Each structure stands twice: as structure tokens, then as C-alpha cells.
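Asks: coordinates for the following, if possible.
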Amino acid sequence: GTAPFDEAARRRIRAVRRQFEAMRPGRVVTTGHRDGDEVDLDATVRSRVGIAVSGEGSDRIWRQSRPVNRDLAVSILLDISRSTESAVTGRAVIDIEREALAALAWGLDACGDQVAVQAFCSLKRDRVYVTTAKRFDEPMSAAVEARIAALTPRFYTRLGAGIRHASAGLAAQGRRRRLLLVITDGKPNDLDHYEGRHGIEDSAMAVREARRAGHAVFGITVDRDGKSWFPRIFGQGGHALVPHPDRLPEALPQIYRQLVGA
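Replies: Numbering: from 1, shown residues only. The predicted model follows:
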């Protein structure tokens with residue numbers, strides 16, 4: 001089959017992925033082990049001196065190093081309502097979102113963070129469609145990337161329902177820190193009066209519920225008019241506006257660095 005992303009997109013994905021790899025947590029070195037990665041010279045000298053002086057030396061002369069574990073689970077929720085088909089700078093918003101999502105998933109996987117990727121759309125209250133492109137327990141792979149590339153815009157944006165679904169999945173992860181990252185291109189809307197104030201208030205309530213469950217929740221929108229409604233859902237400091245959607249892939253590492261203190 002054809003590659004899910006063209007060569008230009010692959011180059012951009014690699015560039016963003018490298019920025020995430022640079023944020024990979026460091027390593028902790030501990031001493032005084034019976035075996036390990038490298039010999040601790042100071043401990044070896046002390047042991048030799050001990051043997052020479054008293055006939056007794058310690059065999060704990062090894063150092064071990066292990067990666068710092070951020071103990072972080074990240075759930076990424078993407079809005080794939082029909083409005084993402086609209087074009088900006090000659091490209092559909094959904095194309096830019098899919099590329100950004102692939103770069104983000106590869107990058108977080110390289111950071112060692114546990115990550116799930118889901119996309120949602122809706123058709124009234126009783127039909128909320130959630131597509132899982134990556135589960136928490138599966139490594140990032142070409143198959144996951146192909147699923148991300150295949151995400152297709154449909155229907156409407158019942159944002160509160162999408163957030164509640166992703167929040168429940170995140171709550172089941174036994175990590176100390178849990179982050180829900182929501183990427184959307186516009187206001188909540190659906191056919192059954194889920195637009196305007198009602199959609200915004202329901203979405204804001206879903207965000208509050210997720211935060212009460214112990215999740216950090218952060219929204220990213222590529223809607224130029226987002227400053228009028230987005231803060232009402234995610235709160236001050238809980239969101240980022242990316243007014244030029246084509247800048248979304250390069251904005252993500254910077255946003256993530258601030259969120260996790262990398």
C-alpha cells in the first residue's frame with residue numbers, strides 16, 4: 001500500500017519527533033551495587049585498601065544507571081468533526097492535525113511516556129463515535145501511524161462527551177501524573193441544540209470533572225476566534241491558541257515542554 005504520509009510530511013514529522021527526543025528524561029546513577037553498568041573506581045580503591053589493611057573488602061563496587069521515570073500517562077483526544085475538512089493555506093485542517101498527531105505520538109513514545117490517541121465526532125447525544133488510533137499499552141509503530149493517517153472527518157463536535165470518554169480511560173492508568181490533551185478546530189456543536197452556550201457549558205463541566213479526577217487537562221485550538229470561547233471551557237492557563245493551523249506540529253513540543261516541565 002501507499003505510505004500514509006508523503007515525504008514532505010515525513011520530514012516535518014521527523015523534525016518534530018527529534019524535538020521531543022531532546023526532552024527525554026535523563027538518567028539517575030546510584031552506587032554501592034554488587035553488579036551494574038560500570039565499576040565505581042572510588043569504591044574499588046576503598047575495597048582494595050580494606051583488603052590490604054584488614055583482609056576484608058566490599059564487593060559493592062558497581063554503579064547502576066536507570067532512566068528517570070516521569071510516571072506520566074498522556075491521553076490525546078482529537079476532534080475529527082466535519083469542519084476539519086476546511087482548508088487553510090491550501091491544506092485541510094484534518095491533514096495538518098493528522099500530521100501533528102503522528103509527530104506527537106512518536107515523540108511522546110520516545111520520551112517514555114505512556115500515551116493513547118483517540119479521535120471523536122458525534123451525531124446527537126446518543127451517538128458519539130470514538131476511534132482509538134493507539135492504546136496506552138501498545139508501542140508506537142507504523143500500524144498506529146497508519147491508523148492516525150486514516151482518521152476521517154465526520155459529523156459534529158460533542159466536546160463534553162469526548163472529554164468524559166477520554167477522562168475515564170485515563171483514570172484507569174496507574175500513573176502518578178495524568179494529562180489529557182484535547183485538540184480541536186472550533187466550538188462545540190451538534191444537531192440537538194449543542195451549540196452556543198449549552199455546548200460550551202457542558203464542555204467546561206466535563207473539563208472540571210476530569211480535573212477533579214486528578215487529571216491535568218489542556219486544550220489546543222486552531223480556531224482564530226478561539227479567544228472568545230476557548231478560555232470558558234479550559235480556563236486561563238489551561239489552553240493554547242494556535243491561530244495558524246499549519247504551525248500546529250511545530251507548536252506542540254513547546255506546549256508539551258511547558259506542561260510536563262521537561
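
Asks: which residues in the stretch 151-262 of the chain form helices?
Replies: 159-171, 196-212, 230-234, 248-260 (DSSP state H, counting those that start in this stretch).

Asks: okay, the ones you listed in JSON lines with mean pLDDT, mean neighbour count and distance to R63 next?
Replies: In this view, the C-beta of every residue, glycine as well, is placed from N, C-alpha and C. Output for these, formatted as JSON lines (pLDDT from 0 to 100; neighbours: other Cβ atoms under 10 Å; distance: least, Cβ to Cβ, whole Å):
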{"stretch": "helix 159-171", "mean pLDDT": "90", "mean neighbour count": "22", "distance to R63": "36"}
{"stretch": "helix 196-212", "mean pLDDT": "89", "mean neighbour count": "18", "distance to R63": "41"}
{"stretch": "helix 230-234", "mean pLDDT": "88", "mean neighbour count": "21", "distance to R63": "45"}
{"stretch": "helix 248-260", "mean pLDDT": "83", "mean neighbour count": "18", "distance to R63": "28"}
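
Asks: tell me which of the ones you listed sits nearest to D71.
Replies: helix 248-260 (10.9 Å; Cβ to Cβ).

Asks: same for the closest one, what does it pack against?
Replies: In terms of contacts (3 or more Cβ pairs under 8 Å, 6 or more residues apart in numbering; DSSP states H and E), helix 248-260 is packed against helix 7-21, helix 93-111, strand 177-184, strand 216-221.

Asks: so what's the residue nearest to T184 when sequence neighbours are not counted up against?
Replies: Of all residues not flanking T184 in the chain, D79 sits nearest, at 3.9 Å (Cβ to Cβ, 6 or more residues apart in numbering). Residues in contact with D79, defined by Cβ atoms under 8 Å, 6 or more residues apart in numbering, are A119, F120, C121, T157, L159, G162, V182, I183, T184, D185, G186.

Asks: before we move on, the earlier item: and the helices and strands packed on helix 248-260: which comes nearest A149?
Replies: That would be helix 93-111 among those, by Cβ to Cβ, at 5.7 Å.

Asks: show me the shaky parts of the protein.
Replies: 1-3, 26-28, 66-69, 88-89, 187, 190-194, 262 (pLDDT under 70).

Asks: so what are the domain limits for it?
Replies: Domain assignment for the chain by automatic domain parsing gives 27-67, 69-260.

Asks: what separates the longest one from the chain centre, distance-wise?
Replies: It stands for domain 69-260. Counting by Cα atoms, centre = their mean, to the nearest Å, domain 69-260 is centred 9 Å from the centre of its parent chain.

Asks: what's the burial count for the closest residue to A216 other than its chain neighbours?
Replies: Spatial nearest neighbour of A216, excluding adjacent residues (Cβ to Cβ, 6+ apart): L179 at 4.7 Å. L179 sits with 21 neighbouring residues when counted by other Cβ atoms under 10 Å.

Asks: go on, H239?
Replies: Using other Cβ under 10 Å, the number of residues around H239 comes to 21.

Asks: can you pick the most crowded of the contacts of D79?
Replies: Sorting the contacts of D79 by how many neighbours each has (other Cβ under 10 Å) puts L159 first, at 30 neighbours.

Asks: list the contacts of the closest residue to R82 other than its chain neighbours.
Replies: With sequence-adjacent residues excluded and distances taken as Cβ to Cβ, 6+ apart, R82 is closest to P153, at 5.0 Å. Going by Cβ under 8 Å, 6+ apart, P153 touches I80, S81, R82, S83, T84, E85, I94, C121.
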